[in-house]
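**Student:** Sequence plus the predicted model coming up.
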Amino acid sequence: VQLQASGGGVVQAGGSLRLSCAVSGRTGRNLFMAWFRQPPGKEREFVARAGPTAYYADYADSVKGRATISRDVAKNTWYLQMNNLVPEDTADYYCAAKERYGTEYNYWGQGTLVTVSS
């Protein structure tokens, strides 16, 4: 399984971005997906996660109400929609996947940088 994250950029506070995570490889498998981020000089932190159908989703308190994780089955792509961005959202964003509930995320995409200017 390979993950390719994209969609980062520079946005003003209050703006929106949609990050994408294209999944390739053994795409027939149902994957549990997540987004993490690493702010400058800080440790990586959880942002959002979802089950294979995206029906179940869970969000970090810092983004709850502003973020939505979703998937496009036809495009084999997952998304993280972020609204009402604040400077504290500035970070490298990573998508991650795993094949079984309760295990560690073992597939990772490269980071895509989101910079929110005040």
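**Tutor:** Here it is on my side, so go on.
**Student:** the strands in this protein, which residues?
**Tutor:** 2-6, 9-12, 17-24, 32-38, 45-50, 57-59, 67-72, 77-82, 91-98, 107-108, 112-117 (DSSP state E).
**Student:** Rebuild those as CSV, extending it with mean pLDDT and mean neighbour count.
**Tutor:** C-betas here are computed from N, CA, C, even on glycine. Converted to CSV, the strands of the chain look like this (pLDDT from 0 to 100; neighbours: other C-beta atoms under 10 Å):
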stretch, mean pLDDT, mean neighbour count
strand 2-6, 96, 17
strand 9-12, 97, 13
strand 17-24, 96, 19
strand 32-38, 97, 22
strand 45-50, 98, 20
strand 57-59, 96, 15
strand 67-72, 95, 18
strand 77-82, 96, 22
strand 91-98, 97, 22
strand 107-108, 96, 16
strand 112-117, 98, 17
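**Student:** Apart from its chain neighbours, what residue comes closest to the residue positioned nearest the centre of the chain?
**Tutor:** Geometric centre of the chain, nearest residue: residue 35, 3.0 Å, by C-alpha atoms, centre = their mean. In this structure, residue 35 finds its nearest non-sequential neighbour in residue 47, 4.3 Å apart by C-beta to C-beta, 6 or more residues apart in numbering.
**Student:** Spit out the contact partners of that neighbour.
**Tutor:** Contact analysis of residue 47 by C-beta atoms under 8 Å, 6 or more residues apart in numbering lists 34, 35, 36, 37, 59, 60, 63, 67, 80, 93.
**Student:** I'd like those as a markdown table, with distance to residue 11 appended.
**Tutor:** Putting those into a markdown table (distance: C-beta to C-beta, whole Å) gives the following:
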| residue | distance to residue 11 |
| --- | --- |
| 34 | 22 |
| 35 | 16 |
| 36 | 19 |
| 37 | 14 |
| 59 | 19 |
| 60 | 19 |
| 63 | 15 |
| 67 | 14 |
| 80 | 14 |
| 93 | 12 |
